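1. When you get a sec, could you give me coordinates for this:
(chains A and B)
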Amino acid sequence: GNSVTQMEGPVTLSEEAFLTINCTYTATGYPSLFWYVQYPGEGLQLLLKATKADDKGSNKGFEATYRKETTSFHLEKGSVQVSDSAVYFCALKDAGGTSYGKLTFGQGTILTVHP
Amino acid sequence: DSGVTQTPKHLITATGQRVTLRCSPRSGDLSVYWYQQSLDQGLQFLIQYYNGEERAKGNILERFSAQQFPDLHSELNLSSLELGDSALYFCASSVARGLEQFFGPGTRLTVL
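-> Numbering: from 1, shown residues only, chains lettered A, B, ... in the order given. Just a heads-up that it's a prediction; the model follows:
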């Protein structure tokens, strides 16, 4: 079955530091890939997405590139802010089949940014 | 605000009891998804409905059931509750087979 593996957290950075959160996946076919963010006490918000190999998703300074050869979708940001402190989830969605709508999530990575 | 509403926000109940969680999708969205977020299992897909019909099932226990009504709101029923059912339950909606799922704020269930 499908699975998503994220780097172990928590991640603690100083403001303006570079961020990388690794994500690799196992899936058949060509899934769509996502990064969701969960701020304290809130639901999940879509941060960015990519639907095919070599696509780059980007939003709010965050970027991730769909790498089919390495089955990866690593999240990066050049300069983090305190307001980026949250839990980040990598997820995939099947390209088709009976569970085409289902999202499979990684375990989440807690990011804390200090001033 | 995603446009997806969930009630109640918090629910505290005892083992053996039954509860109902409610979700109203974004206007126009036909698909509703339920997810469970717990410390040990992470975020897991439970079930999906599309325009009133069940479309996909995930790791949903037999004690749990769901339905989607003609007005497209959905309810998740949890019965014979156990301590391990304590979790955050999220509802999400999307436009038909839309790529993006919009998540509600969740219902935090505590079973004592």
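
2. Near residue 91, how many other residues are there?
-> Reading this off chain A. 26 (other C-beta atoms under 10 Å in any protein chain shown). C-betas here are computed from N, CA, C, even on glycine.

3. should've been chain B
-> B:Cys91 has 30 neighbouring residues, counting by other C-beta under 10 Å.

4. Surely it is in contact with B:Cys23?
-> Yes - here B:Cys91 lies in contact with B:Cys23, judged by C-beta atoms under 8 Å, at a distance of 3.3 Å.

5. intersection of neighbour lists for these two?
-> B:4, B:6, B:32, B:34, B:74, B:76, B:104 (C-beta atoms under 8 Å, 6 or more residues apart in numbering or on different chains).

6. how much space is there between the closest residue to the first one other than its chain neighbours and B:Gln68?
-> This means B:Val4. Nearest residue to B:Val4, sequence neighbours excluded (C-beta to C-beta, 6 or more residues apart in numbering or on different chains): B:Gly104, at 3.7 Å. The gap separating B:Gly104 from B:Gln68 is 14 Å, by C-beta to C-beta, to the nearest Å.

7. Ok, B:Phe102 next?
-> 16 Å.

8. now do B:Ala56
-> Distance of B:Ala56 to B:Gln68, computed by C-beta to C-beta: 13 Å.

9. Specify which residue of the two has the higher count of neighbours.
-> Between B:Ala56 and B:Gln68, counted using other C-beta under 10 Å, B:Gln68 has the larger neighbour count: 23 against 19.

10. Next up, the contacts around the residue nearest to B:Val4.
-> A:43, B:2, B:4-6, B:23, B:90-92.

11. Considering these, which member attains the minimum pLDDT?
-> Looking at the contacts of B:Gly104 by pLDDT, the weakest one is B:Ser2, with 86.

12. and B:Asp30, what is it in contact with?
-> For the record, residue B:30 is Leu, not Asp. B:50-51, B:72, B:95-96.

13. Report the buried members of those.
-> B:50, B:72 (16 or more other C-beta atoms under 10 Å in any protein chain shown).

14. Enumerate the residues of chain B near chain A.
-> B:2, B:4, B:31, B:33, B:35, B:42-45, B:48, B:50, B:55-56, B:58, B:90, B:92, B:94, B:97, B:99-106 (C-beta under 8 Å from any C-beta of the partner chain).

15. Let's see the PyMOL selection covering just the buried ones among those.
-> For the buried members of those, the matching PyMOL selection, counting by 16+ other C-beta under 10 Å, is:
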select buried, chain B and resi 2+4+31+33+35+42+43+44+45+48+50+55+56+58+90+92+94+101+102+103+104+105+106
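
16. For chain B, which residues score under the pLDDT cut-off?
-> B:97-98 (pLDDT under 70).
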